[in-house]
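Visitor: Provide a 3D model corresponding to the input given below.
(2 chains)
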Amino acid sequence: MNFVAWQMLTGDRAKYLGLIFAIAFSTFLMSHQVSIFCGLMNRTRSQITDVRDASVWVMDAKTQYLDEVKALTDQDLFRVRGVKGVEWAVPLFKGTSRAKGADGKFRGVILMGLDDSTLVGAPRKVILGSWAELRGPETIAIDQTGYKFFFPDQPLELGRQLDLNDHQVRIVAIVDSEAPFVNLPVFYTRYTQAITFVGRERNQMSFVLVKPQAGLSDGEITKRITAATGLKASTSLDFGWETIWYYIKNTGIPINFGITVAIALIVGTVVAGQTFYLFTVENLKQFGALKAIGVTNGRIVGMILMQAVIVGAVGYALGITMTALFFDLTQNNLDLRGFRLLPEIMMGTAAAVFLIVLMASIVSVRRVIVLEPAVVFRG
Amino acid sequence: MQSKAVVCKNLRKDFGKGEDAVKVLRGVDFQVNYGEMTFLVGPSGCGKTTLLSVVAGLLNPTAGDLAVLDADIAKLHSSEAVLFRRKNLGFVFQQFNLLPALTAAENAAVPLLAAGWSRKPAVEKAVVLLRDLGLGERAHAKPNQLSGGQQQRVAFARALIHEPRLLVCDEPTSALDAETGHHVMELLRKSAVRADRAVLVVTHDSRIYNFADRIAYMNDGLITRIEEQQNAA
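Guide: Numbering: from 1, shown residues only, chains lettered A, B, ... in the order given. Just a heads-up that it's a prediction; the model follows:
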């Protein structure tokens, strides 16, 4: 009877395609929006994940997330260095400034000040130039997106100059860093230069980056630093998640994306459910005939569920392919950096599609189960 | 004396309960013999279809005795009734009720598929049967590519393919013109009536009464007269 179920499903081409596309677009919308949401949330911790050399971040005890910090004192740095088990600890500056291009176009920028001697905190991938050049005066490294903003449609070229808070700075490296949450250009320079560029305040140190000694876990060193200094110390992973949760709790982003995903779920369920129900109702006499002939309720339910599973599987495959294609085709778009379809999202969407087809078929199943086979004798 | 395929005694069927109950069958006494084609005739609303549904095990009687192929079908559990129908009964419906997505042969093979046959042998058997019914060349056509008479022949094939002992037909000619209806009934009589099988036909088409061995006249929920015909067409 599986063959009969398959033929019944595909025989009505218009309804079959309608069901497939309802599921496919729901799948696309859900997986696409969740991917964008996850990508956005991941961007909130991009400057944390860019730092590969140090695994522990030390900050003011009241710091909640990456982008809002109270500066530490030089004394704090020395105290951290004094904690037993710290291999090394270096300062990191994170702030914002304003830069102006040669054409007068200006924009706020994220300015990262790396430890002068070690340059800890620099992204790994250099597209053009070298980190060593950063040791020269009034020099910066710029991320690729920032370069494209200040020098649109121009080839990547070193030596170009920008006005950074009344300082003429020279680009000595172009780097591929993780996309930030706010799509601002990211400048990297030495710690002491960064302080010069933004103007001297009493305290400037945003974070202290720490590497524990070999054999000591990140978790253990964070406890020791907090106990010894009263400062907050987090592993990169924990601090990243704290930042993500801050944005989830304190912005409307998850609600907006949640609404879109919920609408996709509801529309998918309603359209698929209605089409599937209509499909069943139009075949009610045939189902009645099958029941009269001697096909059991269980077998008919099995036929309907098989039809639902086929529709769900084909629609899901189509929708998830659309999403994958979208991210594949846009992977080189700088504005869409960091957005990708994760396996977890594929699995979650599959579960949602399963829910859609289950709900869509439940109404149809009920209608067929309560159907009296004697209906076939009523003209 | 011929053995009985169906025996109804004082058979009653009500729809609803209490004072609002509609008494559709009000004590039917009726028999269907093996080797015969029995017609159940009467005006619309007299209870013919309800009686057919009860005899076919699709509805349970409210009261009375009913034996179908020596089984007390009313007392069977619903799952047993389904298996009983699958094995012993063939159905011909007024509107044919063919599955539009299946070919003629696949439609005819449905009872075998329901009984667990795999597709290939079931369809092969259906093609042979359709050939016997004069539809061999149209075996792979879809129902919407067939005329009404051809669709009814597919329905006959579906009703006969599993060689049931009781064939129940509901208005088999009502959707057909007179000439086609006549041909269809000739074919039904030729292919379905056998010594070990009974055929029960509900109809109000008086043009085909001459195909019946016996005609049971029904009115207002009762069998009012039974007429035997010695020279059925």
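Visitor: poorly predicted segments of chain B, please.
Guide: B:1-2, B:231-233 (pLDDT under 70).
Visitor: most centrally placed residue in it?
Guide: residue B:168 (1.3 Å; CA atoms, centre = their mean).
Visitor: may I have the phi/psi pair for it?
Guide: phi -110, psi 130 (degrees, to the nearest 10).
Visitor: list the contacts of it.
Guide: Residue B:168 is in contact with B:52, B:55-56, B:89-92, B:200-202, counting by CB atoms under 8 Å, 6 or more residues apart in numbering or on different chains. In this view, the C-beta of every residue, glycine as well, is placed from N, C-alpha and C.
Visitor: is it bridged to anything, and to what?
Guide: The partner list for residue B:168 in beta bridges (DSSP bridges) reads residue B:91, residue B:200.
Visitor: how much space between it and residue B:199?
Guide: From residue B:168 across to residue B:199, the span is 8 Å (CB to CB, to the nearest Å).
Visitor: can you name the residues that contact residue 105?
Guide: The chain I'm using is chain A. A:149-150.
Visitor: look at chain B instead
Guide: B:123, B:126-127, B:130, B:139-140.
Visitor: by neighbour count, which of those wins?
Guide: Top of the contacts of residue B:105 by neighbour number is residue B:130, holding 28 neighbours under the definition other CB atoms under 10 Å in any protein chain shown.
Visitor: now do the same contact list for the residue nearest to residue B:141 when sequence neighbours are not counted.
Guide: In space, and not counting its chain neighbours, residue B:141 is closest to residue B:104: 5.6 Å by CB to CB, 6 or more residues apart in numbering or on different chains. Residues near residue B:104 by CB under 8 Å, 6+ apart: B:98, B:126, B:130, B:135, B:138-143, B:146, B:150, B:154, B:157.
Visitor: domain boundaries for chain A, per the record?
Guide: Following automatic domain parsing, chain A resolves into domains at A:2-43+A:252-377, A:73-230.
Visitor: and those as JSON lines, adding distance to residue B:29 and mean pLDDT?
Guide: Converted to JSON lines, the domains of chain A look like this (distance: least, CB to CB, whole Å; pLDDT from 0 to 100):
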{"stretch": "domain A:2-43+A:252-377", "distance to residue B:29": "22", "mean pLDDT": "86"}
{"stretch": "domain A:73-230", "distance to residue B:29": "86", "mean pLDDT": "90"}
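Visitor: now those domains as JSON lines including distance to residue B:15?
Guide: Shown next, in JSON lines, are the domains of chain A (distance: least, CB to CB, whole Å):
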{"stretch": "domain A:2-43+A:252-377", "distance to residue B:15": "11"}
{"stretch": "domain A:73-230", "distance to residue B:15": "68"}
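Visitor: on that earlier part again, ok, the residue nearest to residue B:141 to residue B:79 distance?
Guide: Taken as CB to CB, the span from residue B:104 to residue B:79 is 30 Å.
Visitor: try residue A:231
Guide: In terms of CB to CB, residue A:231 sits 73 Å off from residue B:79.
Visitor: repeat for residue B:64
Guide: 23 Å.
Visitor: who's more crowded, these two?
Guide: residue B:64 (17 against 11).
Visitor: ok, the residue of the stretch 251-379 of chain A found nearest chain B - how many residues close by?
Guide: In the stretch 251-379 of chain A, the residue that lies nearest chain B is residue A:294 (2.4 Å; CB to the nearest CB). A count of nearby residues for residue A:294, using other CB under 10 Å, gives 25.
Visitor: that one: what's its closest spatial neighbour, skipping adjacent residues?
Guide: In space, and not counting its chain neighbours, residue A:294 is closest to residue B:86: 2.4 Å by CB to CB, 6+ apart.
Visitor: can you name every helix or strand that whatever helix or strand that neighbour lives in contacts?
Guide: According to DSSP states H and E, residue B:86 maps onto helix B:78-88. If contacts are counted by 3 or more CB pairs under 8 Å, 6 or more residues apart in numbering or on different chains; DSSP states H and E, helix B:78-88 sits against helix A:284-293.
Visitor: name the next helix or strand following the helix it packs on along the chain.
Guide: Later in the chain than helix A:284-293, the nearest helix or strand by DSSP H and E is helix A:297-329.
Visitor: can you give me the buried ones in the following helix or strand past that following helix?
Guide: Downstream of helix A:297-329, the next assigned helix or strand under DSSP H and E is helix A:343-369. Across helix A:343-369, burial judged by 16 or more other CB atoms under 10 Å in any protein chain shown covers A:345-346, A:349-350, A:352-353, A:356-357, A:359-362, A:364-365, A:368.
Visitor: nearest to residue A:218, of those residues?
Guide: Among these, residue A:345 lies closest to residue A:218 (CB to CB), at 27.9 Å.
Visitor: from what I can see that closest one touches residue A:36, true?
Guide: No: using CB atoms under 8 Å, residue A:345 makes no contact with residue A:36, being 10.2 Å away.
Visitor: distance check, residue A:194 against residue A:236.
Guide: From residue A:194 to residue A:236 the distance is 21 Å (CB to CB).
Visitor: now do residue A:39
Guide: In this view, residue A:39 and residue A:236 are 19 Å apart by CB to CB.
Visitor: for residue A:252, same thing?
Guide: Counting by CB to CB - residue A:252 and residue A:236 are separated by 27 Å.
Visitor: so which of those two has more stuff around it?
Guide: The neighbour comparison of residue A:252 against residue A:236 (other CB under 10 Å) goes to residue A:236, with 19 against 9.
Visitor: could you tell me which residues of chain A lie near chain B?
Guide: A:1, A:3-4, A:7-12, A:283, A:285-286, A:288-296, A:299, A:372-374, A:376-379 (CB under 8 Å from any CB of the partner chain).
Visitor: phi first, then psi, for residue B:33.
Guide: Per-residue torsions, residue B:33: phi -90, psi 150 (degrees, to the nearest 10).
Visitor: does residue B:123 belong to a helix, a strand or coil?
Guide: Classification of residue B:123 using DSSP: H, G, I helix; E, B strand; the rest coil returns helix.
Visitor: what is the burial count for residue A:270?
Guide: Counted with other CB under 10 Å, residues neighbouring residue A:270 total 15.
Visitor: go on, the one 3 residues further on?
Guide: Per other CB under 10 Å, the neighbour tally for residue A:273 reads 20.
Visitor: surely it is within a helix?
Guide: Yes: using three-state DSSP, the assignment for residue A:273 is a helix.
Visitor: these two touch, right, it and residue A:365?
Guide: No: using CB under 8 Å, residue A:273 makes no contact with residue A:365, being 11.7 Å away.
Visitor: residues from chain B in reach of chain A?
Guide: Counting by CB under 8 Å from any CB, the residues of chain B close to chain A are B:49, B:52-53, B:56, B:58-59, B:79, B:82-83, B:85-87, B:89, B:91, B:93-95, B:97-102, B:106, B:110-111, B:113-115, B:119, B:158, B:170-171, B:174.
Visitor: can you say which of those are buried?
Guide: Burial by neighbour count, judged by 16+ other CB under 10 Å, picks out B:49, B:52-53, B:56, B:58-59, B:82, B:85-86, B:89, B:91, B:93-95, B:97-99, B:101-102, B:106, B:110-111, B:113-115, B:158, B:170-171 from these.
Visitor: nearest spatial neighbour of residue 27, skipping sequence neighbours?
Guide: Just going to use chain A. Looking at residue A:27 with CB to CB, 6+ apart, the closest residue is residue A:319, at 2.6 Å.
Visitor: hm, I was asking about chain B
Guide: residue B:10 (4.8 Å).
Visitor: assign a three-state SS to that neighbour, would you?
Guide: Residue B:10 - assigned by three-state DSSP - is strand.
Visitor: ok so, going back, now the residue nearest to residue A:294: how far from residue A:131?
Guide: Residue B:86 is 80 Å from residue A:131, by CB to CB.
Visitor: all set now, cheers.
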